[in-house]
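Visitor: sequence first, then the predicted structure:
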Amino acid sequence: MTATDPKAAVDTVTLTIDGKEVTVPKGTLIIRAAEQIGIDIPRFCDHPALEPAGACRQCLVDVAAPDREGNVRPFPKPQASCTMTVMDGMVVNTQHTSEEADRAQKGVMELLLINHPLDCPVCDKGGECPLQNQAMNMGRPESRFVDVKRVFEKPLALSSEILLDRERCVLCQRCTRFSKQIAGDAFIDLQNRGAMQQIGTFDENVLDFDGYSPAGPAAEDESGRAFSSYYSGNTVQICPVGALTSSAYRFRSRPFDLVSSPGISEHDSSGSAIRTDHRRGKILRRMAHKDPVVNEDWITDKDRFAFSWQNQADRLTRPLVRKDGELVEVSWPEAIAAAAAGLKAARDGKGVGVLPGGRLTLEDAYAYAKLARLALGTNDIDARARAASAEEQAFLGSTVAGAGLGVTFADLEKAPAVLMVGFEPEDEGGVVFLRMRKSLGKQQVFTAAPFLSRGAEKLAATLLPVAPGREAGLLDGLVGDAFEALEADGAVIIVGERLAATPGALTAALKLSQKTGARLVWIPRRAGERGAVEAGALPGLLPGGRAASVAAARKAVAAAWGVESVPSAAGRDVDAIVAAASSGDLEALLVGGVSPSDVTGLTDAIDKAGFVVSLEVRRSAVAEAADVVLPVAPPSEKAGTFVNWEGRLRSFATAIATDALSDHRVLDLLARELGVELGTGSIGAVNAEIAALGAAADSHRPKAPTAKAGRAPKKGDVVLASWHQLIDEGALQDGEPYLAGTGRATVARLSPATADRLGFAEGALTVTGEGGEGVTVPAVVTDMVDDVVWLPTKSPGSWVAQELRTVPGNVVTVKVGA
Amino acid sequence: MTYDESTLEKLKADAAEVRGRYPVERSALLPLLHLVQSVDGYVSPDGIQFCAEQLDLTAAEVSAVATFYTQYKRRPSGEYQVGVCTNTLCAVMGGDEIWKRVSERCGVGHDETTEDGKISLERLECNAACDFAPVVMVNWEFFDNMTPETALQLVDDILDGKAVKPSRGPDEVPTFKEVSRVLAGFEDGRADQGVGAGEPTLAGLKTAKEQGWTLEGGAK
Amino acid sequence: MTELVPVLSDIWDQEQSWKRDTYAANGGYTALKKALGLDKADLVQMVKDSGLRGRGGAGFPTGMKWGFLPPDDGKPRYLVVNADESEPGTCKDIPLMMANPHVLIEGVAITSYAIRCNHAFIYLRGEVVHVYRRLLQAVREAYEAGDLGKNIHGSGFDLDVTVHAGAGAYICGEETALLDSLEGRRGQPRLKPPFPAVAGLYARPTVVNNVESVASVPAIVNNGVEWFTAMGTERSKGHGIFSLSGHVKRPGQYEAPLGITLRELLEMAGGMREGHELKFWTPGGSSTPIFTEEQLDTPLDYESVGAAGSMLGTRALQIFDETTCVVRAVTRWTEFYKHESCGKCTPCREGTFWLTQILKRLEAGKGTEADIQQLLDTCDSIAGRSFCALGDGATSSIISSVKKFREEYERHVTEGKCPFDHAASALFTYSSDTASDEATTEEAHA
Ligand SMILES: Cc1cc2nc3c(=O)[nH]c(=O)nc-3n(C[C@H](O)[C@H](O)[C@H](O)COP(=O)(O)O)c2cc1C
Ligand code: SF4
Ligand code: FES
């Protein structure tokens, strides 16, 4: 039997709790062992995902354990069941069977309540509060405490989103332990001592310090913002009382008014499980839904707080058709007819380009892919509303599409070494970061990046400094510690979607993976990216990883679709579609959830294209410029499947039933009007078809990429580095000012040497790209690669694609000052 | 930060020495907070930031520590921190009365500073000198066996700018900032000043000698 | 009559007793040289055989504690000397280190050698600057004389010693809180297990010992186990410093064999102050249940004091005569515990907060009969429930004083005021009307 044998015997321990025998793995805490046989021991500080604290003392039980001679001897005093591990032959008596334990717990409960305010009727936690419940169960009907309660000014804003009512706090330290242990963001900590102990940031007013507020690098970020953690919302969820609340939800509702529906977050490629709480069709909050294989107990603040984008005033409910230059509401049949007529004309002319966007479910993406090929007769479809390349497509087709479950969250956690290239774990990975951080100290992390980001730093990552665009060379030439670490069993190389902009990088990553034996995983940002790849919503890819350029593959797809053939002409990618639409080489565009500000030139292309159909949730910039606008359902109002980066199918049901239609249904109607039966009218039909198609045979796949590295920039040129920060001005974060307030400040970064060369000391930089107007933002001299300027991709004042009209890795012009 | 360049340089050099005393740098936090007090006379927000930078901590983590310990002051402290022990033993032996009189004389209460910035007054917990009760501490130097009269004389002297000499300690009480520097682990050359022991410390030894009690077996 | 045994206190009255020269002239550092020639395991065994028990309060056998360290794995292990001495009434380590820091440093060097530690720490409470000066200087002197540093006295043994000043927190005397504090954190106690012997300072094996425990080691090495075990009682061997304070004629430090009685010590200290008699006393600091004249002949060793319902603790004998209001004394101690509660656990944090309010009310004559019961009930919710022993300690004086002096609590209720003249307790005279408004003096610390 080997250690990896799943059936390998675990050491177990048998003990008795309240007279019932239970056998559990060695090292189990008493409180967990009790849970297994349905015995609930009250607790506040205990949380299964956090290290034990033993602080609240609510979980005291009576314990007797065998001594060396085997005589079972009682401990002289009750023990905290959340900190004590089980022993063979131990006898535990909880409050149910021990008067002493019951008395101890009641005593603690009484003490917890003496300073607790009687504001349950106005407290957000009322109705779902462990303290309230336990007080009902075992509290005294009347308080014996007649003296002066501790009072605090209330509430304190720890950040724009997280509020703290200190008098409600039971000092369980779940929030601080989460922040330190899980998120690595020690922005809150215990302050003061004894009876005046409280949770807090360093706030000189609250703590009564005299002097100036701190600023500069030691302040929480460049803006000096406190508690700007990407994961802060989890503290609200795990606070066992109503001490931590969110600005977004505070005073909005009572738990018993809410309907809860499970779902999957639409915000990133992790597919985190969420619970949506809604009332009369309106989402009031979202919570993490425990999912041991994916997000475990946690979600990002974006997953949690960014949901009102779909309920803004510009939400589309009825189709629109442009008449006399104005968009006017029309009936569905009229809109579908108008859309079909325009698309048909273009199809029969120079053609239609399809840009579905990267946020779709698998089913929706499949419908776009099929509609493009069958109803529009084209391979001009690309879901990548970002930098994209043929090399990337070859990579996705050869190694990602149809590969099923590859590297998983668990694999990532267990990996002895991880190399990240073109990937920022916190900003672009969300809960991926949390999972890796669990292995802090046990896992060697390397990051190929221009500087060590905060997220990478919190993973204790080793920086492999590289300018954007030069990653291929770095990977090809990798030797030493990093290379050796990747040779270990289970090592992983993560590549991010940004590598599409670096010639040769994905090729080099594949080679490195072969040389070292490390597994390679692609972690894109958006929730629909992997599904789009699987569905064939890329120009050269048909469903299941089939190459559109391989005749046999086309044949297989045509057969499955019951048609003679599927288009063979090479499709255009996103940039080519935009260019062709701008130059008139394409006559129409069918656009899904794409923000024109994310794709350089798309606004022009839409202006110039003869005919534009937009499928949108809101009246976006695309919709405004479109000829026909077809409203579609946001994720909470539809069912579907996100394929997360692991390749795991994350299906979800409709949380809020409305008459909004999913894209796949709208496209089904549209195709019918174009004379094609798409067969995508229902989730079931789509999934059956996808299943029937299956993954491509190896010979039907595109070949792995063999791209060469690009040329080095000229000496003295400054190259742009950029990625999205998790909290930024992405469209799905609209309408969330409190969340936005926790985002990191917009700064440009450059190295000391580059700053010297440019004559920059402090203040702002103006960065200009090829054609755009450029941005002017405050800059910070950072320990980083020379001749590079870094900008956040879509943070306030820094919208790279729109204002610089360029992609990372390209040369930009940098000017000191405005 | 608002430290001028030379102060900052000095602070950094001192901090490097403090960090060097420990196998793990974070251990330097308590001495560094004392060091900050030796410059600012209290733990200033600047000082918090300085410590955070030195040890790669967040400001919240530093203030968590700074607000836990009573010797760290959050607002500018007087030149002399006058503490009257009012824990049970000293209080009963007369510490309460001394506190009352001293507080009246200074016109300030607990954790308050006289207008001229000379004295910060504090009620102290037991300072391990119960055999010298009632005890007053000035900048953490021992003033033993106090009475209201001697205590008032003490604060008058301080208010008048006169040097004061502890019962057991250096020849003259240094300022709060100077003492804070010692607490950061920097010697000030005063170790050989003052007595080795007060009378009560020697009470047992004296009795033994008087009685001719010598150690069995000629130990040591 | 039990005789005093000035072992640690022998040179305290000498000129510049704190200098290395003085110590060396009196046989100092001979034990170190001797120890360096001995086998490490034999040294540990010697301390085990001596029966030396921790002098920091709990009385845990010192040699056994050293023996708990796991086998040497070549990585660091530490000795941390607990010089936090902040328990009310306890005042032995501070005068010891002021008068003769070298006996501690010699003990540190021997202990470190025995347990294979190459970096020892002395955690001194921050509020005793002159003691810190003396320790810093003594360590420097010891380095200069080759008692510390590299290759000590040619033995090949290396030792660094860092003296670290705390910053005002009684809880940092609790050994795991001390370790957190020494690591630059809030001094809050840690979960046990793991015990410091397994994962202490920087998560490495660590021995935490009291100043007096460590300082007792050189004499054991020099004079042998038998010399040490000849002193004391059956299970409480050796000598210890007894600190007498309060209403006695000659308060101070009395180093005596364990098992001496308060009656004997009082006699040596000249008795109670003139014209007064003993009312109550603590055998081992404010965390130990109080005694009265009934325990005058109780041998002051761990077992006998325990059997009599209290704890030997730190041998801090705080002695109060009949002028002292027990409610006042207990209230002040309780305020201390409230002030010093670290805040980590509910019972101690909230319980001491509540107890203080009840006691202050009672002391001011504004309490009720029910308050007395509430005191006991609240103590019941703290004792044995708190995370560390601070919570237990907070209840000791309350429970024991209610048991022994209940009628005094009741008089505060029935008379509506404190029946005592506080001025009568003071060691100087002042007119008592200035004391009347004492209860309204502002609260010690927020
Ligand atoms: C609240 C509290 C305060 C303590 N204070 C001290 C102290 O000031 N000095 C000390 O040596 N031990 C103190 N102790 C005991 C220590 O935890 C520990 O038992 C002792 O340092 C071990 O040393 P020893 O075995 O040499 O006695 C304290 C314990 C508690 C619970
Ligand atoms: S705020 Fe909530 S989670 Fe944090 S310590 Fe208080 S009760 Fe616990
Ligand atoms: S749940 Fe066990 S001590 Fe808090």
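Guide: Here it is on my side, so go on. Residues are numbered from 1 along each chain as shown, chains lettered A, B, ... in the order given. Ligands and ions are numbered 1, 2, ... in the order given.

Visitor: what's the helix or strand for residue B:150?
Guide: helix B:148-159 (DSSP states H and E).

Visitor: please report how far residue C:230 lies from chain A.
Guide: Note on residue C:230: its distance to chain A, by C-beta to the nearest C-beta, to the nearest Å, is 32 Å. For the C-beta atoms, the positions are set from N, CA and C on the backbone; glycine is no exception.

Visitor: how many residues are close by that residue?
Guide: By other C-beta atoms under 10 Å in any protein chain shown, 15 other residues sit near residue C:230.

Visitor: cool, and residue C:407?
Guide: So residue C:407, with other C-beta under 10 Å, has 8 neighbours.

Visitor: can you check residue A:114 too?
Guide: Count around residue A:114 with other C-beta under 10 Å applied: 19.

Visitor: for residue C:379, same thing?
Guide: 21.

Visitor: ok, it touching residue C:393?
Guide: No. In this structure residue C:379 lies outside contact range of residue C:393 using C-beta atoms under 8 Å: 11.3 Å.

Visitor: tell me how far the closest residue to ligand 3 within the stretch 701-818 of chain A lies from residue A:227.
Guide: For the stretch 701-818 of chain A and ligand 3, the shortest gap (C-beta to the nearest ligand atom) falls at residue A:742, measuring 28.9 Å. Applying C-beta to C-beta, to the nearest Å, the value for residue A:742 to residue A:227 is 7 Å.

Visitor: what is in contact with the two at once?
Guide: A:159, A:162 (C-beta atoms under 8 Å, 6 or more residues apart in numbering or on different chains).

Visitor: show me the strands in chain B, by range?
Guide: B:80-85, B:112-113, B:119-124, B:136-138, B:141-143 (DSSP state E).

Visitor: pairing partners for the second one, with directions?
Guide: Pointing back at strand B:112-113 there. strand B:119-124 (antiparallel) (DSSP bridges).

Visitor: cool, and the first one?
Guide: The partner list of strand B:80-85 in its sheet, established with DSSP bridges, is strand B:119-124 (parallel), strand B:136-138 (antiparallel).

Visitor: dump those strands to a markdown table, plus distance to residue C:117 and mean pLDDT.
Guide: Shown next, in a markdown table, are the strands paired with strand B:80-85 (distance: least, C-beta to C-beta, whole Å; pLDDT from 0 to 100):
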| stretch | distance to residue C:117 | mean pLDDT |
| --- | --- | --- |
| strand B:119-124 | 34 | 97 |
| strand B:136-138 | 33 | 98 |
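
Visitor: which one of these lies closest to ligand 3?
Guide: strand B:119-124 (33.0 Å).

Visitor: what sits up against the closest one?
Guide: B:73, B:77-87, B:99, B:102-103, B:106, B:108-114, B:135, B:137, B:155, B:158-159, B:176, C:127, C:444-445.

Visitor: ramachandran coordinates for residue C:353?
Guide: When read as degrees, to the nearest 10, the backbone of residue C:353 gives phi -60, psi -40.

Visitor: dump the residue contacts of the closest residue to it other than its chain neighbours.
Guide: Closest residue to residue C:353 apart from its sequence neighbours, by C-beta to C-beta, 6 or more residues apart in numbering or on different chains: residue A:195 at 4.2 Å. Contact analysis of residue A:195 by C-beta under 8 Å, 6+ apart lists A:150, C:338, C:341, C:343, C:349-350, C:352-353.

Visitor: give me the pLDDT value at the closest residue to ligand 3 within the stretch 51-200 of chain C.
Guide: Per C-beta to the nearest ligand atom, residue C:191 is where the stretch 51-200 of chain C lies closest to ligand 3, at 10.0 Å. Residue C:191 carries a pLDDT value of 96.

Visitor: count the residues that sit near it.
Guide: With other C-beta under 10 Å as criterion, residue C:191 counts 15.

Visitor: enumerate every residue touching it.
Guide: Neighbours of residue C:191 in contact, by C-beta under 8 Å, 6+ apart: A:52-54, A:83.

Visitor: nearest to residue C:83, of these?
Guide: Closest approach to residue C:83 among these (C-beta to C-beta): residue A:54, at 27.3 Å.

Visitor: and residue B:149, how close does it get to residue B:101?
Guide: Residue B:149 is 9 Å from residue B:101, by C-beta to C-beta.

Visitor: okay, those two: which has more neighbours?
Guide: Counted by other C-beta under 10 Å, residue B:149 and residue B:101 do not tie: residue B:101 has more neighbours, with 19 against 12.

Visitor: any idea how far the more buried one is from residue B:150?
Guide: In terms of C-beta to C-beta, residue B:101 sits 11 Å off from residue B:150.

Visitor: likewise residue B:94?
Guide: In terms of C-beta to C-beta, residue B:94 sits 11 Å off from residue B:150.

Visitor: neighbour count for those two, which is higher?
Guide: residue B:94 (24 against 16).

Visitor: these two touch, right, the more buried one and residue C:429?
Guide: No. Using C-beta under 8 Å, residue B:94 is not in contact with residue C:429; the gap is 9.4 Å.

Visitor: run through the residues that contact the residue of the stretch 501-650 of chain A found nearest chain B.
Guide: The nearest approach of the stretch 501-650 of chain A to chain B comes at residue A:525, 27.7 Å away (C-beta to the nearest C-beta). Residue A:525 sits next to A:268-269, A:358, A:386, A:428, A:496-497, A:724 when contact means C-beta under 8 Å, 6+ apart.

Visitor: repeat that for 7 Å
Guide: A:268-269, A:428, A:497, A:724 (C-beta atoms under 7 Å, 6 or more residues apart in numbering or on different chains).

Visitor: burial measure for residue 125, as a count.
Guide: Went with chain A since none was named. 21.

Visitor: that's the wrong chain, I wanted chain C
Guide: Residue C:125: 26 neighbours (other C-beta under 10 Å).

Visitor: I'd like the distance between it and ligand 2.
Guide: Counting by C-beta to the nearest ligand atom, to the nearest Å, the gap from residue C:125 to ligand 2 is 29 Å.

Visitor: and that residue, how far from ligand 1?
Guide: From residue C:125 to ligand 1 the distance is 7 Å (C-beta to the nearest ligand atom).

Visitor: show the pLDDT at residue A:7.
Guide: 48.

Visitor: what's the answer for residue A:793, then?
Guide: Residue A:793 is assigned a pLDDT of 97 by the prediction.

Visitor: nearest residue to it in space, please, no chain neighbours.
Guide: residue A:724 (4.4 Å).

Visitor: show me the contacts for the one you found.
Guide: A:427-428, A:525, A:793-794.

Visitor: contacting ligand 3 as well, which ones from these?
Guide: Among the contacts of residue A:724, not one lies near ligand 3 by C-beta under 6 Å from any ligand atom.

Visitor: how many other residues sit next to residue B:157?
Guide: Residue B:157, neighbours per other C-beta under 10 Å, totals 15.

Visitor: tell me the phi and psi of the closest residue to residue A:238 other than its chain neighbours?
Guide: Ranked by C-beta to C-beta, 6+ apart and with sequence neighbours excluded, the top spatial neighbour of residue A:238 is residue A:174, at 4.8 Å. Dihedral angles of residue A:174 (phi, psi; degrees, to the nearest 10) stand at phi -60, psi -40.

Visitor: where in the chain is pLDDT low?
Guide: Just going to use chain A. Along chain A, segments meeting pLDDT under 70 span A:1-9, A:212-226.

Visitor: looking at chain B here, not the other one
Guide: Residues of chain B meeting the criterion pLDDT under 70: B:1, B:216-220.

Visitor: find the residue at the geometric middle of it.
Guide: residue B:140 (2.7 Å; C-alpha atoms, centre = their mean).

Visitor: quick check: closest non-adjacent residue to that one.
Guide: Closest residue in space to residue B:140, ignoring its immediate chain neighbours: residue C:129 at 4.3 Å, by C-beta to C-beta, 6+ apart.

Visitor: coming back round to it: how would you label the residue of the stretch 501-650 of chain A closest to chain B: helix, strand or coil?
Guide: Going by DSSP: H, G, I helix; E, B strand; the rest coil, the secondary structure assigned to residue A:525 is coil.

Visitor: and if you look at residue A:494?
Guide: strand.
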